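Peer 1: This is a predicted model, with the sequence first.
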Amino acid sequence: GWTTYCGASSNDDGAEDLDSGHGTHVSGSVLGDGTNTGGAIKGAAPEARLFMQATEQYCDNDNEYYLSGIPSDYTTMFKQAYDNGSRVHTNSWGSDTSGAYNSGSMQADSNSRTYQDMIILFSAGNSGTDASADGEVDLDSLGSPASGKNVLAVGAGENNRPSLNSIWGTGPTPSGAVYSSPISTDKLANNSEGMAAFSSRGPADDNRLKPDITAPGTFILSTKSRSTSSNGWMAYSTNSNYTYMGGTSMSCPLTAGAAALIIQHLIDNEGHSDPNSSLVKAIFTASARDMAGQYGSSTNGAGEAAPNNHEGWGMVDLRSAMNTTWIDGDSVSTSDERGWSFAVPASSPDLRVALSW
């Protein structure tokens, strides 16, 4: 077991975020309330409440930190959160499985089915690379449990911080990632229409489209753990309580915050007492904005209409999501039919219909 291997006295080394500050950073992206900046830097849903499940553990034998706190049976984790009242479960962790559907994917799906009014999100992974050296990010690098069918898998797009001039060839990139021109000479955060080069791409091995959605994931400014000296990608010079990080780990919690706002909107403004996660997923996909892409290459997303295996259904668009018309819980049996009518204004550019269950 873990305790024997690590030579530790306990499987729980406490909630303090000692290593990279990863958990503190992603939490701030979901619901940081800007206390230390007079409200200037906030997460996506600053009035939400946090139920933290600390899974990173210190291993005495090799002086490293591992995600040993993740239970072998994911139900332990999801049930604990659900029983606490959580209805958004964001997970910035996973393994590189190149699109495979494994036991972790299955467990995440099973819990999505059990706890249908809790949306479960996973970061798509940071394994995007140009191994073929053709200047295009390769497909088939999706992680697990993001490969699950019922979870919302989140990819990472570039942020818009052009003054931060790191480039993919020299900046903070995943270990082993290879990028050729024009990717290798491109800035990490100067084109919000482009995907982050590291963002893991679909499809899943059974050819399902993944990721499902994309959110900004480079040079994301969020809360810094007071228990670590690590500054992630770069220290924030104005306030030591914040720092920059990047990854699908960062795009996932921003999307989770958006999910919390969508759920609140459905309850407070639309009279929905118990929104199903499949409804929230449908709203995300129907309202997402197709990203223009970059580099002039369809394989990097330019000119390739969403949905595709780079951006999924596109960039999260919360304003559009709030204006989505929805129908939920209208079941049908074999040979049944249901019909609906919509008045589409002449000025509307298009009509999108998403079916989710």
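Peer 2: The structure has been received and is ready for your questions.
Peer 1: What residue, apart from its backbone neighbours, is nearest residue 52 spatially?
Peer 2: If the residues on either side of it in the chain are set aside, residue 52 comes closest to residue 15, at 6.3 Å by CB to CB, 6 or more residues apart in numbering. (C-beta placed from N, C-alpha, C; glycine too.)
Peer 1: I'd like the secondary structure assignment at residue 155, please.
Peer 2: Assigned by DSSP: H, G, I helix; E, B strand; the rest coil, the conformation of residue 155 is strand.
Peer 1: For the stretch 201-350 of the chain, give me the ranges with low pLDDT.
Peer 2: Judged by pLDDT under 70, the stretch 201-350 of the chain has its weakly predicted residues at 297-303, 329.
Peer 1: can you map out the strands along it?
Peer 2: Listed in chain order, the strands found in the stretch 201-350 of the chain under DSSP state E, counting those that start in this stretch are 213-216, 220-223, 234-235, 242-245.
Peer 1: starting at the chain centroid, how far to the third one?
Peer 2: Distance of strand 234-235 from its chain centroid, counting by CA atoms, centre = their mean, to the nearest Å, is 22 Å.
Peer 1: now for it, which elements pack on it?
Peer 2: Using 3 or more CB pairs under 8 Å, 6 or more residues apart in numbering; DSSP states H and E, the elements in contact with strand 234-235 are strand 242-245.
Peer 1: The strand it packs on - contacts with which helices or strands?
Peer 2: On a contact count with 3+ CB pairs under 8 Å, 6+ apart, strand 242-245 meets helix 22-31, strand 220-223, strand 234-235.
Peer 1: try 7 Å
Peer 2: Strand 242-245 sits against strand 220-223, with contacts defined as 3 or more CB pairs under 7 Å, 6 or more residues apart in numbering; DSSP states H and E.
Peer 1: which neighbours does the strand it packs on have in its sheet, and in what orientation?
Peer 2: For strand 220-223, the pairing partners within the sheet under DSSP bridges are strand 242-245 (antiparallel).
Peer 1: in the strand it pairs with, what counts as buried?
Peer 2: Judged by neighbour count (16 or more other CB atoms under 10 Å), strand 242-245 contains these buried residues: 242-245.
Peer 1: Identify all contacting residues around it.
Peer 2: Among residues not part of strand 242-245, those counted as contacts by CB atoms under 7 Å, 6 or more residues apart in numbering are 25, 41, 219-224, 231-236.
Peer 1: same deal with stretch 283-297?
Peer 2: Contacts to stretch 283-297, defined as CB under 7 Å, 6+ apart, come from residues 135-136, 152, 157, 182, 191, 193-194, 212-214, 262, 300-306, 311, 313-317, 320-321, 324, 326, 352, 354.
Peer 1: then it to CSV, C-alphas only?
Peer 2: Backbone C-alpha positions of stretch 283-297 (Å, rounded to 0.1, in the frame of the first residue of the first chain) are rendered in CSV as follows:
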residue,chain,number,x,y,z
ILE,A,283,-26.1,24.4,-22.5
PHE,A,284,-22.3,24.5,-22.6
THR,A,285,-22.1,22.9,-26.0
ALA,A,286,-25.0,24.8,-27.6
SER,A,287,-23.6,28.1,-26.4
ALA,A,288,-19.9,27.6,-27.0
ARG,A,289,-18.1,30.0,-29.5
ASP,A,290,-16.2,28.5,-32.4
MET,A,291,-12.6,29.5,-32.1
ALA,A,292,-11.0,30.9,-35.3
GLY,A,293,-7.8,29.0,-34.6
GLN,A,294,-4.3,30.1,-35.7
TYR,A,295,-1.3,29.3,-37.9
GLY,A,296,-3.5,28.9,-41.0
SER,A,297,-3.6,25.2,-40.5
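Peer 1: Figure out how far that stretch is from the centre of its chain.
Peer 2: Averaging C-alpha positions (CA atoms, centre = their mean) puts stretch 283-297 15 Å from its chain's average.
Peer 1: Tell me which residues of it come out buried.
Peer 2: By neighbour count, with 16+ other CB under 10 Å as the criterion, the buried positions of stretch 283-297 are 283-291, 293-295, 297.
Peer 1: Of all the strands of the stretch 201-350 of the chain, which one is nearest residue 48?
Peer 2: Closest approach to residue 48 among these (CB to CB): strand 220-223, 14.1 Å.
Peer 1: mind checking how far that closest one is from the chain centre?
Peer 2: Averaging C-alpha coordinates over strand 220-223 and over its chain gives two centres that are 15 Å apart (CA atoms, centre = their mean).
Peer 1: CA atoms of it as PDB?
Peer 2: The C-alpha atoms that make up strand 220-223 are tabulated as PDB, following Å, rounded to 0.1, in the frame of the first residue of the first chain:
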ATOM      1  CA  ILE A 220      -3.900  32.300 -15.600                       C
ATOM      2  CA  LEU A 221      -3.700  34.600 -12.600                       C
ATOM      3  CA  SER A 222      -5.100  33.100  -9.400                       C
ATOM      4  CA  THR A 223      -4.400  32.500  -5.700                       C
END
